[in-house]
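>>> Sharing a model prediction with you, sequence too.
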Amino acid sequence: MKAFLILEDGNVFTGTSIGSTREVISEIVFNTSMTGYLEVLTDPSYAGQAVVMTYPLIGNYGITPDQESKRPWPDGYIVRELSRMPSNFRCEGTIQDYLVKYDIPGVAGIDTRALTKILREKGTMNGMITTNENYNLDEIIPRLKEYNTGNVVDKVTCDKERVLKGTGKKVALLDLGAKNNIAQSLNKRGCEVTIYPAHTSAETILASNPDGIMLSNGPGDPKECTEIIKEIKKLYDSDTPIFAICLGHQLMALATGADTHKMKYGHRGGNHPVKDLKTNRVYISSQNHGYVVDTETLDPAVAKPAFVNVNDGTNEGLEYVGKNIFTVQFHPEACPGPQDSSYLFDRFIEMMGGKQ
Amino acid sequence: MPRNHDIKKVLVIGSGPIVIGQAAEFDYAGTQACRSLKEEGVEVCLVNSNPATIMTDKEIADQVYIEPLTASVLEEIILKEKPDSILPTLGGQAGLNLGMELAESGFLEKHGVKLIGTTAETIFKAEDRQAFKDTMEKIGEPCAASQVVKNVEDGIKFTNTIGYPVVLRPAFTLGGSGGGIAHNEQELVDILSNGLRLSRVGEVLVERCIAGWKEVEYEVMRDANGNCITVCNMENIDPVGVHTGDSIVVAPSQTLGDKEYQMLRSSALNIINELKITGGCNVQYALNPDSFEYCVIEVNPRVSRSSALASKATGYPIAKVTAKIALGYTLDEIKNAITQKTYASFEPMLDYCVVKIPRLPFDKFLTAKRTLTTQMKATGEVMSICDNFEGALMKAIRSLEQHVDCLRSYDFTGLSDEELDEQLHVVDDRRIWVIAEALRRGVSYDHIYDITKIDRWFIDKLAILVEMEARLEKEELTVDLLKEAKRIEFPDTVIARLTGKTEEEIRDMRYANGIVAAYKMVDTCAAEFAAETPYYYSVYGSENEAAETKPEKKVLVLGSGPIRIGQGIEFDFCSVHCTWAFAKEGWETVIVNNNPETVSTDFDIADKLYFEPLTAEDVESIVNLEKPDGAVVQFGGQTAIKLTEALMKMGVKILGTKAEDVDAAEDRELFDEILEQTGIPRAAGGTVFTAEEAKEVANRLGYPVLVRPSYVLGGQGMKIAFNDEEIEEFIGIINRIAQDHPILVDKYLQGKEIEVDAVCDGEDILIPGIMEHIERTGVHSGDSISVYPAPTISEHVKETIVEYTKRLARALHVVGLINIQFIAMNEEVYVIEVNPRSSRTVPYISKVTGIPIVDLATKVIIGNTIKGLGYKPGLAPVADYIAIKMPVFSFEKLRGAEISLGPEMKSTGECLGIAKTFNEALYKAFLGAGVTLPKYKQMIMTVKDADKEEAVGVAKRFEALGYKIYATRSTAKYLQEHGVAALRVNKINQESPTVMDLILGHKIDLVIDTPTQGNGDKTRDGFLIRRNAIETGVYCITSLDTANALARSLETADGKLTPIDIATVKNM
């Protein structure tokens, strides 16, 4: 069956329908990872977005247990080619069946490179995936322009507290749409990790007397999370060691007076160089963000840049003055992508006064 | 860290002659690195014995030494040039070993010279087997368990601790001879005892067998600050057991999940950090297909063949960045030259699929074992890029130029199901074709996987291609079907064959329906950033992004495809220089080529690079888009010449010598007419199609005769026949591939062989120099030792040659280059062959005469004259030194290959000896080719009857050099009768001690064995002697001329060698 990807700017790509045949409107973003399509699909930060994979051959090793949450989150999935026969010793099924199972519509067989170039030149935009051959652009485009992702954290966070047993430091993890490997990375280092829903109050978290607090990644515009920002400000004031990733990093910045802005087309992939400003070492990082902390708005008395993106100079991490708090824009938990910055979990444990 | 300004002058070591396993990729790497160093204001002093390289141009380095790559020669150069640093990681294993030797001897320290790039300690840790194992153990990286054993008992004991099967690798045998896989104790005892006997040091490595695991490679970069990135990973379609150079490779890996991918990536970074490598490095892994278990196979602490492939596959210039890192820069300070926006410290992301296929020489060596093992056998490779795997594979197949264009090109339909099953077990270069046949017969993926261990994902891709074949054969060709066939890159020729239509019909249908190739850019970043570099590959069914340019003048330069015997790196040299010359004259340049190892496919050589197969259809798609004002075909070897007719049909003007004149040189009748007109004699001959006709001509002329197909390079299929039987055999071999053109049968003349390259502007000619071969006619010019200036011919002969060259060039209306081979016999000069195009000797003669003939030829093609360019027509004055080109062979790598020389070319590369005297030049040439004699001063002679008289003189010379000469029965008798104290030794099938025992005693320097009949030596004895000599590292000579030359060089061996900087050579 034919499927169409209709972009806000009037461009239409025609391909083959994969997964659900449901019609969907979403924000279209591209990811440049060559492996890890499953981790991308199950990364809650993609909630409210449809993902284009720039690597043309997707699904080669099928569905494996390498999933970062309990389900796939993107609104839509756009690929050049899906492998008809995945091959891997852990393969449990195909992407096709997986998308159908979770009712996610997608398009295959389109020129994903041409699409990526449009998104690069014009910036991230909204789009519709439909199988309706009689689509009406005049009717659809205004709807696309109107569409707003809204608050998606609520959709992806867990509904109740959960504990991963450990004998080391006690970490409270605020789940803003956390990838599994954040908790795993801490738990593997001995930490007992308590995972809290996004709307847990600071008081509740602090009452459990954690050795440290971890703010996770998550989807959407950070400024939508007004209530959570208030709670995070309280956590900031508590003097508890805090480590934050991605959305958590942005929320901490917003909570302490800095600003964020939407990037033209974001950073999504596994090849972004970030420089640790203390050591001048460069690490290749896994990234997935469309918003960024505005370095100009930082109060040097509050927070200082700790990491910078080598390619475009955008902020990639902050260190908070006089606090045991550091936050990063990129993903030290990897999955997918390079594991080069996983040492940051060790740094967090040291900060909590423990050794791994 | 900014650049280290203490580095002012760097010595760069090249990799020497092209041999199997060390080919053009190091010219590419070295050239790129030298340019990168010069960009930084560093003075570059280059040493490489290979004159066919671009890196040895004076435009690339400030001082150029084409000298043997030995420690003592390098020491001389260092003393003379006083570089402050040496960069040893760009010249392959040869360069690395040499750098280490100089460091370990203390020479570098004594003279204040630093190794830059990677340190000696790092190189040692990566290269020394034990040190490497220890290092890996220390950081917890697994290696396959192994142990060196000196006797069978220890081998059994060790194997019992690790379990069967085990791989056995005898130390210091070449070509993997004596090795094998033992599945049980009996096999272990058999292979091991044989291996111990073959090994010069009596050692065999016993290693856990991981054959069948996935083989994956990572190309990594690290700077001195510890920043690491991976440029690319690659997956071998052929699992562990086949050398990566002989494997079909895909980039990036296709069957690894992120978990596997990152596990190995982290391991690679872990390893290079521990080894403290700075620059490019390659780590090879074996990955268990059924678990996360892996083993580190090896680490190359240097730029390698794989890094050339990775550079071309991603657009990331590894050698350039390696050179910058050596100067002290860190990755985040080096700009990405492709995007101009990002930095070298980011990892390339591909949005396409790359396939590499090795170019194996079994079409040249019919007797060689076709099996692929851990010993590399490929002479070159092709790469292709597409947005799907099937398409990339199809494009790579037709890039090979081995009469293959789809998965039906090798026909296994004649095999029974049982035989086909057997054939699936054979690991050779036709394996994917065998799998395709199995798929056609419905053999299950699992069964194929169980036998081949090729991942099912790849098998499925082959199945998709097989299914398309069937659809094209059975279904009506609809537009949709055609679109799909083109998407997976079925060429029109194949579609036409399968559908029973003509190629024109297919093309018309495509054009009528807008099914045309589009071009996508290789930009290192999957379109995330805008890229500035026009490096393209074709796809079907997508948007075209190749920028349309309309410059005043645009030229299409056709490259020479994969490196193969007979068409090597020389033609890349020519293509690149031609491109540069056009650019200098203000033309926009467009290169088409498919060889990832070469300089011509570097991203900044031409204005535009199309990484595409060199077939008429693929070129036509580019022509349709680029609309060039003309194309040059005379620099790209036979690959480009073959496209002439097709280009003319497309309406592309052929620049330089016209196609009909090229034909006139190849077409026997036309050429004979020209010879008659110009009054130039040649050996009598005729043209034939069948063996019957050939025998008739041969008997008319009288044996021996020379038999060869027309339109070939490197004398492929060329033989000297001594009787009717051999005619039958040779014509049979030639006609295994349908011949479009007749076969030539000529009277074989024995004389001095002379070779000339000349530039002609249509009126005047310029001959930079005359080259004379040391071997008499009958040995292919590419396999002969060639001397400039010609040492033994008279003035009269020289004048005749100049005159004939002029007449021929004019008669053929040559505009550009012409290459002519002559025979001089009793002051008479005969023409053997005329090639109105560039030749193998062009780089060599350009360098030794200082006359840039490709540059001149290009300018002449554009419309300049020789006089107008400031050159005096005729033969240029001779240089005041002697330059000797020595062929270099790779026989030890090709088990079973016949090594005796004849009219068909067999060498893979060449080196140069250049000196003030003939003898020193000759000595340098042998040294450069790796002949370091004497060692034990013992040799074996076995010559055919016709050579016996002459052999006496040769034997006496070696005797005078202190050699003990062993000879087989009749040779010994003859030598003894003529005053040589030869020792008689038994033939192989006689009682011990035989000649074979002598060879396996590992105390023989040299075997001189002239084959008993022409080239068709059917006595297994001679063949076995030659093979065993080669496989145990004994130098083997099959021509008495070569033997005399070697004796002469040894007679003057103790003289001190004086390196010559050829960048100072001028000749106007």
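Perfect, thanks for sending it. Numbering: from 1, shown residues only, chains lettered A, B, ... in the order given.

>>> how many neighbours does the closest residue to chain B within chain A have?
Among residues of chain A, the one nearest chain B by C-beta to the nearest C-beta turns out to be residue A:36. It sits 3.4 Å away. For glycine as for every other residue, the C-beta is placed from the backbone atoms N, C-alpha and C. Residue neighbour count, defined by other C-beta atoms under 10 Å in any protein chain shown, stands at 26 for residue A:36.

>>> and residue B:896, what is it in contact with?
B:365, B:367-369, B:1027 (C-beta atoms under 8 Å, 6 or more residues apart in numbering or on different chains).

>>> ok, it to residue B:940 distance?
21 Å (C-beta to C-beta, to the nearest Å).

>>> Same question for residue B:25.
Distance, residue B:25 to residue B:940, using C-beta to C-beta: 36 Å.

>>> ok, the two, which is more surrounded?
Comparing residue B:25 with residue B:940 by neighbour count (other C-beta under 10 Å), the higher total belongs to residue B:25, at 31 against 25.

>>> Going by neighbour count, which residues of stretch B:100-117 are buried?
By neighbour count, with 16 or more other C-beta atoms under 10 Å in any protein chain shown as the criterion, the buried positions of stretch B:100-117 are B:100-103, B:107-108, B:113-117.

>>> Which members of the residues you listed are positioned in helices?
Cross-referencing these against helices under DSSP state H gives B:100-103, B:107-108.

>>> May I see the domains of chain A written out as residue ranges?
With automatic domain parsing serving as the domain definition, the record reports that chain A contains domains spanning A:2-146, A:153-351.

>>> Then chain B?
Using automatic domain parsing, chain B is parsed into the domains B:9-125, B:145-208, B:402-517, B:519-661, B:684-748, B:751-879, B:935-1051.

>>> ok, and the closest non-adjacent residue to the residue of chain A closest to chain B?
Sequence neighbours aside, residue A:336 is the residue nearest to residue A:36 in space, at 2.1 Å (criterion: C-beta to C-beta, 6 or more residues apart in numbering or on different chains).

>>> Pull out the buried residues from stretch B:426-446.
Using 16+ other C-beta under 10 Å, the residues of stretch B:426-446 that count as buried are B:427-440, B:443, B:445.

>>> Closest one to chain A out of those residues, please.
Within the set of these, residue B:445 lies nearest chain A; the separation is 8.0 Å, counting by C-beta to the nearest C-beta.

>>> got a list of what that closest one touches?
B:456, B:459-460, B:463.

>>> Show me the shaky parts of the stretch 1-150 of chain B.
Counting by pLDDT under 70, the stretch 1-150 of chain B has low-confidence residues at B:1.

>>> can you check chain A too?
The model of chain A has pLDDT under 70 over residues A:355-356.

>>> The same query, at a cut-off of 50, please.
Within chain A, the segments meeting pLDDT under 50 span A:356.

>>> what helix or strand does the residue of it most remote from its centre sit in?
The outermost residue of chain A relative to its centre, with distances by C-alpha atoms, centre = their mean, is residue A:134 at 34.4 Å. In the assignment (DSSP states H and E), residue A:134 maps to no helix and no strand.

>>> For it, give its distance to residue B:465.
36 Å.

>>> which stretch of helix or strand covers residue A:194?
Taking DSSP H and E as the definition, residue A:194 sits inside strand A:192-197.

>>> who's in contact with the residue in the stretch 201-350 of chain B that chain A sits nearest to?
Of the residues in the stretch 201-350 of chain B, the one nearest chain A is residue B:258, at a distance of 3.4 Å by C-beta to the nearest C-beta. Residue B:258 sits next to A:33, A:35-36, A:38-39, A:66, A:335-337 when contact means C-beta under 8 Å, 6+ apart.

>>> so what pLDDT did it get?
Taken from the predicted model, the pLDDT recorded for residue B:258 is 97.

>>> ok, how many other residues are close to the residue nearest to residue A:36?
By other C-beta under 10 Å, 28 other residues sit near residue A:336.

>>> residue contacts, it?
Going by C-beta under 8 Å, 6+ apart, residue A:336 touches A:33, A:35-37, A:39-40, A:270, A:286, B:258, B:262.

>>> one more time with 10 Å
Applying C-beta atoms under 10 Å, 6 or more residues apart in numbering or on different chains, we find residue A:336 in contact with A:31, A:33-40, A:43, A:66, A:68, A:179, A:181, A:269-270, A:286, A:288, B:257-259, B:261-262.

>>> which of the residues in stretch A:236-244 are buried?
Burial within stretch A:236-244, assessed by neighbour count using 16+ other C-beta under 10 Å, is assigned to A:236, A:238, A:240-244.

>>> coming back round to it: dump the domains of chain A to CSV, plus distance to residue B:72.
Supplementary listing: the domains of chain A in CSV, determined by distance: least, C-beta to C-beta, whole Å:
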stretch, distance to residue B:72
domain A:2-146, 48
domain A:153-351, 42
